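K.L.:
make a model of this:
(one chain, ligands or ions: 1)
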Amino acid sequence: MNDQSLAGRKALVTGGARGIGAEIATTLAKAGASVMIGDILLDLARETAGGIAKLGVTAGATKLDVTDDNQWEQAVGATISTLGGFDILINNAGIEITSLVVDIKSEDVLRMCSVNVVGTALGMKHAVRAMRPGGAAGKGGAVVNISSVAATIAFPGIAVYSATKSAVDRLTRVAAMESGKLGYAVRVNCIYPGLVPTEMGNQLAQDVVTCGLFGSVEEAVGTVVSLTPQGRLGEVADVADAVVFLASDAARFITGAGLPVDGGMGM
Ligand SMILES: NC(=O)c1ccc[n+]([C@@H]2O[C@H](COP(=O)([O-])OP(=O)(O)OC[C@H]3O[C@@H](n4cnc5c(N)ncnc54)[C@H](O)[C@@H]3O)[C@@H](O)[C@H]2O)c1
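P.N.:
Residues are numbered from 1 along each chain as shown. Coordinates of the predicted model:
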């Protein structure tokens, strides 16, 4: 069997209003899933969901700041009531604030920890509670967390971001271990994307120039490409296709894994 169809599945994608998350939501829908987008940018999330609904699946948007426990409770409730269930969570929302180690600001560290680490942890908490036997959805499922190639290499200017993405990697492994051992029937995996030219990716390329690490954006991007055996930047579709695989039954015996989607940059 090689079943990557997601027909009948119900997915919540955090940070799905734009960028990688929007492509993940669209690609899940193309594979047959109905999709809820949870984002702080509610208007844009509604617009993205409206585009997805034209594919012929149920799609909705809900306000979700992933750092807020109560909003998670509401977003999972809205997903179950709008889609009629909940069996896929994509913890995609994340932020990156570039800084040399010698210039780190505590408020930036806390903000990145809050969105990238607390947000991912709370997402797993609420998703697994809902998906496990006896939960509000109760049919098991799959969680895919979006880490980063930054968790697997040392790239200058992103020390704290890299640390938060390493934390996402560890959160993934322990959640997968608990879910298996406790019979929750929820697989938990993560993906390490390489640099993708979204708003975040483009901003990062500028910020490493601003903090003096590269002479120009072209030099910064050229360095990333030269460190990538496949010789190009990532595309949102590269990440989204890998998410569909990990969320689908084709990955039914895969849990606690981290999949690089980086053209070989982190090997
Ligand atoms: N772009 C890259 O090069 C790259 C590489 C590796 C990993 N990633 C990861 O992929 C994910 C998506 O990145 P992107 O490039 O699409 O970024 P992006 O900035 O283009 O989009 C991020 C989305 O997350 C939302 N968001 C931010 N904070 C939130 C919060 N507190 N609650 C809910 N939603 C929130 C934003 O509103 C936005 O819709 C992130 O986790 C990022 O760390 C990105």
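
K.L.:
contact partners for the residue nearest the centre of the chain?
P.N.:
The chain has N92 as the residue nearest its centroid, 2.2 Å off, counting by C-alpha atoms, centre = their mean. By C-beta atoms under 8 Å, 6 or more residues apart in numbering, the contact list for N92 reads 13-16, 20-21, 24, 146. No exception for glycine: its C-beta is placed from N, CA and C like everyone else's.

K.L.:
from the residues you listed, which land in strands?
P.N.:
13-14, 146 (DSSP state E).

K.L.:
return the member of those residues nearest to R46.
P.N.:
Distance to R46 across these (C-beta to C-beta) is lowest for V13, with 13.7 Å.

K.L.:
residues in contact with that closest one?
P.N.:
21, 24-25, 28, 35-38, 90, 92.

K.L.:
repeat the analysis, applying 7 Å as the threshold.
P.N.:
The contact partners of V13, taken as C-beta atoms under 7 Å, 6 or more residues apart in numbering, are 21, 24-25, 35, 37, 90, 92.

K.L.:
on the three-state scheme, the residue in the stretch 51-200 of the chain that the ligand sits nearest to is what?
P.N.:
Residue of the stretch 51-200 of the chain nearest the ligand, by C-beta to the nearest ligand atom: G94 (2.3 Å). Judged by DSSP: H, G, I helix; E, B strand; the rest coil, the three-state class of G94 is coil.

K.L.:
what's the closest non-adjacent residue to it?
P.N.:
The shortest distance from G94 to any non-neighbouring residue, by C-beta to C-beta, 6 or more residues apart in numbering, is to N116 (5.0 Å).

K.L.:
try G84
P.N.:
Of all residues beyond its chain neighbours, the one nearest G84 is K10 (6.6 Å), with distances taken as C-beta to C-beta, 6+ apart.

K.L.:
what does T82 give?
P.N.:
In space, T82 comes closest to G60 once its chain neighbours are excluded; the distance is 4.5 Å by C-beta to C-beta, 6+ apart.

K.L.:
also A61?
P.N.:
With C-beta to C-beta, 6+ apart as the criterion, A61 has its nearest non-adjacent residue at 3.8 Å, and that residue is A45.

K.L.:
quick one: the one you found and the ligand, what's the gap?
P.N.:
7 Å (C-beta to the nearest ligand atom, to the nearest Å).

K.L.:
dump stretch 27-34 to CSV, keeping only the CA atoms.
P.N.:
Extracted in CSV, the C-alpha atoms of stretch 27-34 (Å, rounded to 0.1, in the frame of the first residue of the first chain):
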residue,chain,number,x,y,z
THR,A,27,-1.5,20.8,-0.4
LEU,A,28,-3.3,19.0,2.4
ALA,A,29,-6.6,20.1,0.8
LYS,A,30,-5.4,18.9,-2.7
ALA,A,31,-4.7,15.5,-1.0
GLY,A,32,-8.4,15.5,0.1
ALA,A,33,-8.3,16.8,3.7
SER,A,34,-10.6,19.5,5.0
